[in-house]
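In: Predicted structure and sequence below. I'll ask about it afterward.
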Amino acid sequence: EVQLVESGGGLVQAGGSLRLSCVVSGFSFDDYAFGWFRQAPGKEREGVSCISSRTGSTYYQDSVKGRFTISRDNAKNTVYLQMNSLKPEDTAVYYCNAEQLVDDYWGQGIQVTVSS
């Protein structure tokens, strides 16, 4: 059974930090690229950051560059999103995504709320 389980969300004050984790099971972790997406109330889901499967190349949405860091630990089947200098506009449900060719898996989402 494919599972992506996010953790690490919660309520934090502006300027604070959180680290999201996504623990994966049910498929070959090493072969997949991973991404973090978010969806704020009334808005469409948007891509935040992603990391490739082999080289570990990363991509960041402009609004989070310099503040967020994506990483993966292939030994632990876990993807992380370190979020620093959080802003109220980062408030959203964050989703972990795994992708390889036609395979596309999603976590259940986790709430991140940044208070001003």
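Out: Noted; the coordinates are in hand. Note that the structure is predicted; figures quoted are calculated from it, not measured. Numbering: from 1, shown residues only.
In: From here on, just use CA atoms for contacts and neighbour counts.
Out: Fine.
In: What strands flank the helix or strand of the chain with the lowest mean pLDDT, and is each parallel or antiparallel?
Out: Sorted by mean pLDDT, DSSP states H and E, the helices and strands of the chain end with strand 103-106, the least confident at a mean of 94. Looking at strand 103-106 with DSSP bridges, its partner strands are strand 92-100 (antiparallel).
In: Distance check, the spatially most central residue of the chain against S116.
Out: Nearest to the mean C-alpha position of the chain, by C-alpha atoms, centre = their mean, lies W36 at 2.9 Å. The spacing between W36 and S116, counted by C-alpha to C-alpha, to the nearest Å, is 23 Å.
In: Quick check: the residue nearest to the centre of the chain touching V93?
Out: No: with contact defined as C-alpha atoms under 8 Å, W36 does not count as touching V93 (10.3 Å).
In: ok, C22 to P88 distance?
Out: C22 is 23 Å from P88, by C-alpha to C-alpha.
In: Tell me which of these two has more neighbours.
Out: Taking other C-alpha atoms under 10 Å, C22 and P88 do not tie; C22 has more neighbours (24 against 15).
In: pLDDT wise, what is that one at?
Out: C22 carries a pLDDT score of 98 in this model.
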